[in-house]
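Peer 1: Fold the following and give me the result.
(one chain, ligands or ions: 2)
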Amino acid sequence: MRMALCVARFYEDLADRLEAGARARFAEAGVTDVDRYDVPGAFELPLAARFAAESGRYDGVACLGAVIRGETDHYEWVCQEAARGIQDVQLRSGIPCAFGVLTVDNREQALARAGGDKRDSGRHAAEAVLALAGLRRQLQVP
Ligand SMILES: Nc1c(NC[C@H](O)[C@H](O)[C@H](O)CO)[nH]c(=O)[nH]c1=O
Ligand SMILES: CC(=O)[C@@H](O)COP(=O)(O)O
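Peer 2: Ligands and ions are numbered 1, 2, ... in the order given. You can find the predicted model right below:
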């Protein structure tokens, strides 16, 4: 299998943590052919995912990033559009695209969910892509 990572780099250290979790899960599954594509923020993830999915090169796409709430409602729009856009790409393309984007109130919550004491969302995103790519192969979806 060949996988793509689309990574929003708005918070570099969180992006690195999420990527490490995803790569570790892929490696456990024997998937070492993994390409990373960086975008500025989570709002750009759906288009990057579409580029990767429509390239025909990948069995799955894991979208990673972190959105931390600020003073305004900008957070809501970024999170909503990232989630909706990524879901739209996978449903239209038939290529599994995971939503590995943290949507949190503060940095502490983000760290806890990027391989900290709550969960590893990067790992979970890779797990989801592996599962759906496997299902796609099992059902011989073209
Ligand atoms: N505030 C966060 C953003 N904002 C930037 C947007 O994602 C986007 O890049 C910009 O609006 C230009 O289109 N992005 C994150 O990933 N995380 C944030 O907390
Ligand atoms: C999630 C965001 O876009 C956020 O960082 C923006 O902060 P603010 O709402 O204070 O402008």
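
Peer 1: Glu12 and Ala52: what is the separation?
Peer 2: 21 Å (Cβ to Cβ, to the nearest Å). Where you see a C-beta, it was placed from the backbone N, CA and C, and this is true even at glycine.

Peer 1: Which one of these two is surrounded by more residues?
Peer 2: Each of Glu12 and Ala52 has its neighbours counted (other Cβ atoms under 10 Å); Ala52 has more, 25 against 11.

Peer 1: show me the contacts for that one.
Peer 2: By Cβ atoms under 8 Å, 6 or more residues apart in numbering, the residues touching Ala52 are Ala4, Cys6, Tyr37, Tyr58, Val61, Ile95.

Peer 1: wait, which of those residues is closest to Val78?
Peer 2: Taking Cβ to Cβ as the measure, Cys6 is the one of the contacts of Ala52 closest to Val78, at 15.0 Å.

Peer 1: did I read that right, that closest one in a helix?
Peer 2: No. According to DSSP: H, G, I helix; E, B strand; the rest coil, Cys6 belongs to no helix; its state is strand.

Peer 1: What does the pLDDT read for it?
Peer 2: Among the per-residue scores, Cys6 holds a pLDDT of 99.

Peer 1: Contact residues of the protein facing ligand 1?
Peer 2: Within the chain, the positions adjacent to ligand 1 are Ala8, Phe10, Pro40, Gly41, Ala42, Phe43, Glu44, Gly65, Ala66, Val67, Ile68, Val78 by Cβ under 6 Å from any ligand atom.
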